[in-house]
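[1] quick one, fold the following:
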Amino acid sequence: MKSMTAVVTQLSNRKGRRNIQVLLRLTGVFVLLVLAFSILFHYIMALEGRYYSWITGLYWTMVVMSTLGFGDITFMGDLGRFFSVIVLLSGTIFMLILLPFTFIQFFFLPWMDAQAAARAPRSLPPTARGHVVLTGLGPIETSLIRKLKQSNVPYVVVVPELPDALQLHDQGYRVMLGQLDDPETYRQVRVDQAALVATTLSDTANTNVAFTVREISETVPIVATASRTPSVDILELAGCNRVIQLAEMLGGLLARRVLGRDAKSHVVGEFDDLLIAEAVAAGTPMVGRTLREIRLREHANASVIGVWNRGRFENAGPETKIQATTVLLLAGSRAQLDDYDSLFCIYRQTEKPVVVIGGGRVGRSVARALKEQGIDSRIVERNPQEVRDSATYVVGDAAEYAVLQRAGLEESSSVVVTTSDDDMNVYLTIYCRRLRPDIQILGRATQERNISTLHRAGADFVLSYASTGANVIFNLLQRMDTLMLAEGLNVFRLPLPPAMAGRSLVELAIRQETGCNVIAVSRDGALEINPDATRPLPADGDIYVVGDAESEARFLQGYPAL
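    Predicted coordinates:
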């Protein structure tokens with residue numbers, strides 16, 4: 001069926017018709033030549049006194065022209081032999097050179113191109129609805145597509161160039177061929193029936209995309225990225241509903257993860273009254289004891305929902321043992337976290353600046369966010385032209401020990417590696433971990449494939465452009481809010497799935513079946529943190545769940561939302 005469609009497509013365009021005409025003309029010349037040679041065969045044979053049927057004449061012509069030369073019919077005189085040479089040379093030129101070349105050049109290759117083009121459609125069916133339109137395939141889109149597939153949300157990637165579209169199609173992506181600045185592209189992609197448009201190109205290209213989409217639909221949500229702050233207002237004027245400044249967002253998230261100045265809790269995310277916080281255990285009486293022995297809920301009513309050990313997350317249980325390298329993941333209200341802080345705020349005080357390696361947009365964003373928290377920082381930057389304030393910058397190569405000494409690495413509690421080169425980030429992470437085995441290292445990754453490498457290099461926490469942007473876009477799609485704690489670990493809020501209504505957490509055994517942990521339940525508008533596991537869950541409430549990517553997938557598969 002696809003082959004017939006490709007042939008029809010080839011014949012319907014002007015170039016295809018011209019190619020077919022050239023092939024037919026050459027074929028016609030070949031047929032006339034065969035007929036002429038067959039007639040001359042009979043004439044010369046008659047001169048030699050021999051007579052054959054017309055089919056024999058055609059047979060002889062084809063055998064000689066194809067260079068098979070069976071030798072069963074031959075001329076006896078020189079005239080006939082000279083004629084045979086002419087027929088043989090003509091056959092060599094036509095049958096072995098011209099016809100194959102013409103067939104391949106003017107029919108076979110265009111037919112193959114038409115078949116390839118059929119794999120990259122130029123429109124979606126009129127029934128397409130609720131899909132996500134993407135304007136390219138980068139790290140953010142790749143991460144987002146995984147989430148969309150997990151939630152069974154359709155998507156399409158609009159690609160301007162056919163070779164790129166075919167390559168993505170062969171890799172398993174759903175693509176559509178079209179120019180991003182052409183309104184007809186968005187008509188064919190059924191943008192008025194789409195759930196969302198996401199564009200992560202340059203600021204100017206994103207502006208053009210948003211403005212062009214608004215020509216077709218005034219209601220479809222548009223999400224765009226912006227690399228410069230002045231571009232935010234322009235993108236919103238062009239029609240974007242949400243503009244993401246990934247550098248600012250990533251820097252703020254990394255800054256919130258800085259620990260070690262004291263043993264107090266540090267809030268890393270919040271859902272209304274539910275706060276998610278982290279606290280270091282080093283230097284406190286908790287080290288070497290289990291959570292059962294510590295009895296933290298009795299003293300502060302704060303719940304330990306998990307622990308970090310050198311970048312590895314584990315769900316917390318009564319027998320979880322606290323080590324010197326452990327970071328506690330806490331869930332509670334502001335009052336509960338204040339109770340926790342009153343118990344542990346006296347431990348591990350330090351006022352040394354945080355070291356930020358890399359003075360680019362992400363590094364500067366980290367420093368600004370730390371300053372808002374009242375935390376001093378020192379930015380290590382190799383390029384003197386990037387220095388904004390000589391008092392807070394250390395100019396030099398972070399791979400040199402003397403430079404890190406001047407930045408205060410030996411006394412600092414945390415170092416944040418923010419360069420845009422993943423190879424360099426791995427290099428510096430290994431170096432910093434060797435120099436300071438006890439320091440907290442936070443890393444930034446551009447490509448998701450380097451996240452595990454950075455963890456192996458010694459990073460305690462790693463955040464990437466891809467996951468940060470994908471989470472923001474996905475949150476706009478679903479009624480499920482997601483808070484990214486680290487790569488692969490999320491806290492998400494969603495309406496209570498029907499399969500859970502009226503049943504208790506003990507009965508459901510969610511943690512044992514899925515690996516997720518329910519940390520709060522909304523009942524009658526009131527938030528119940530650390531819910532009673534024996535009480536039935538309300539049908540009209542929301543639940544707050546923490547889990548890694550695999551656990552989240554198992555949970556959503558076992559308990560689909562409305």
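
[2] pLDDT averaged over stretch 187-207 - what is it?
    Throughout stretch 187-207, pLDDT has a mean value of 95.

[3] how about stretch 435-442?
    Mean per-residue pLDDT for stretch 435-442: 90.

[4] same question for stretch 378-391.
    For stretch 378-391, mean pLDDT is 87.

[5] next, the distance between the ends of that stretch.
    Counting by C-alpha to C-alpha, to the nearest Å, you get 8 Å between the two ends of stretch 378-391.

[6] so how far is it off the chain centroid?
    The chain centre lies 32 Å from the centre of stretch 378-391; the measure is C-alpha atoms, centre = their mean, to the nearest Å.

[7] stretch 370-380 now?
    On C-alpha atoms, centre = their mean, the centre of stretch 370-380 falls 31 Å from that of its chain.

[8] just the buried positions in that stretch, please.
    Neighbour-count burial for stretch 370-380 flags 370, 375, 377-380 (criterion: 16 or more other C-beta atoms under 10 Å). (Each C-beta comes from the backbone N, C-alpha and C, glycine too.)

[9] please narrow these to those residing in helices.
    Leu370 (DSSP state H).

[10] pull the most distant pair out of the buried residues of stretch 370-380.
    Ile375 and Val380 (16.3 Å; C-beta to C-beta).

[11] re earlier: quick check, nearest of the buried residues of stretch 370-380 to Ala553?
    Leu370 (34.4 Å).

[12] residues contacting that closest one?
    By C-beta atoms under 8 Å, 6 or more residues apart in numbering, Leu370 lies in contact with 255, 258, 354, 356, 376-377.

[13] ok, now with 7 Å
    For Leu370, the contact set (C-beta atoms under 7 Å, 6 or more residues apart in numbering) comprises 255, 258, 354, 377.

[14] so the second one: helix, strand or coil?
    I take that to be Val258. What DSSP: H, G, I helix; E, B strand; the rest coil gives for Val258 is coil.

[15] the closest residue to it other than its chain neighbours pairs with what?
    Closest residue to Val258 apart from its sequence neighbours, by C-beta to C-beta, 6 or more residues apart in numbering: Ser414 at 4.7 Å. Going by DSSP bridges, Ser414 is paired in beta bridges with Gln440.

[16] please, which helix or strand holds the most centrally placed residue in the chain?
    Note on the chain: the residue nearest the mean C-alpha position is Thr142, at 1.5 Å, using C-alpha atoms, centre = their mean. Secondary structure from DSSP states H and E places Thr142 in helix 139-150.

[17] who are the packing partners of that helix?
    Helix 139-150 sits against strand 155-159, helix 465-477, with contacts defined as 3 or more C-beta pairs under 7 Å, 6 or more residues apart in numbering; DSSP states H and E.

[18] hey, least reliable of these by pLDDT?
    Mean pLDDT is lowest for helix 465-477 among these, at a mean of 83.

[19] helices or strands next to it in the packing?
    Taking 3+ C-beta pairs under 7 Å, 6+ apart as contact, the helices and strands that helix 465-477 lies on are helix 139-150, strand 196-199, strand 222-225, strand 242-244, helix 246-256, strand 481-486.

[20] what about 6 Å?
    Contacts defined by 3 or more C-beta pairs under 6 Å, 6 or more residues apart in numbering; DSSP states H and E place helix 465-477 against helix 139-150, helix 246-256, strand 481-486.

[21] can I get those in a markdown table including mean pLDDT and distance to Gly558?
    Formatted as a markdown table, those follow (pLDDT from 0 to 100; distance: least, C-beta to C-beta, whole Å):
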| stretch | mean pLDDT | distance to Gly558 |
| --- | --- | --- |
| helix 139-150 | 89 | 13 |
| helix 246-256 | 87 | 29 |
| strand 481-486 | 72 | 18 |
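
[22] quick one, which of these is packed in tightest?
    helix 246-256 (a mean of 22; mean count of other C-beta atoms under 10 Å).

[23] that helix: what's the following helix or strand?
    Proceeding N to C from helix 246-256, the next assigned helix or strand is strand 266-271, under DSSP H and E.

[24] and the contacts of whichever helix or strand comes after that next one?
    Later in the chain than strand 266-271, the nearest helix or strand by DSSP H and E is strand 274-280. With C-beta atoms under 6 Å, 6 or more residues apart in numbering as the test, strand 274-280 has contacts from 259-260, 263, 265-269, 327-331, 337, 491, 520, 527, 544.

[25] just the buried ones from the residues you listed?
    Neighbour-count burial (16+ other C-beta under 10 Å) is assigned, among the contacts of strand 274-280, to 259-260, 263, 265-266, 268-269, 327-331, 337, 491, 520, 527, 544.

[26] still on that earlier bit, is it correct that the residue nearest to Val258 is in contact with Val356?
    No: counting by C-beta atoms under 6 Å, Ser414 stays clear of Val356, with 9.3 Å between them.

[27] these two - which one has more neighbours?
    Legend: neighbour count by other C-beta atoms under 10 Å for Ser414 and Val356, higher for Val356 (33 against 27).

[28] how is that one assigned, secondary-structure-wise?
    Relying on three-state DSSP, one would call Val356 strand.

[29] can you tell me which of the helices and strands packed on helix 465-477 is nearest to Arg554?
    helix 139-150 (10.6 Å).

[30] which SS class is Thr56?
    For Thr56, the secondary-structure state derived from three-state DSSP is helix.

[31] so what's it closest to, chain neighbours aside?
    Computed as C-beta to C-beta, 6+ apart, the closest residue to Thr56 that is not its neighbour in sequence is Ile73, at 7.1 Å.

[32] so the one you found lies in a helix, does it not?
    No: counting by three-state DSSP, Ile73 falls outside a helix, being coil.

[33] separation between it and Arg511?
    Distance from Ile73 to Arg511, counting by C-beta to C-beta, to the nearest Å: 89 Å.

[34] give the buried residues for the longest helix along the chain.
    Scanning the chain for the longest helix, with DSSP H as the assignment, gives helix 14-47. For helix 14-47, a neighbour-count test (16+ other C-beta under 10 Å) marks 16, 19, 23, 26, 30, 33-34, 37-38, 40-42, 44-45 as buried.

[35] show me where the stretch 301-450 of the chain has its strands.
    Remark: strands assigned in the stretch 301-450 of the chain by DSSP state E, counting those that start in this stretch are 303-309, 312-315, 326-332, 354-357, 377-381, 393-395, 414-417, 440-445.

[36] out of the ones you listed, nearest to Ala165?
    strand 440-445 (28.0 Å).

[37] helices or strands up against whichever helix or strand comes after the closest one?
    As assigned by DSSP H and E, the chain's next helix or strand after strand 440-445 is helix 451-457. Applying 3+ C-beta pairs under 6 Å, 6+ apart, we find helix 451-457 packed against helix 422-435, strand 440-445.
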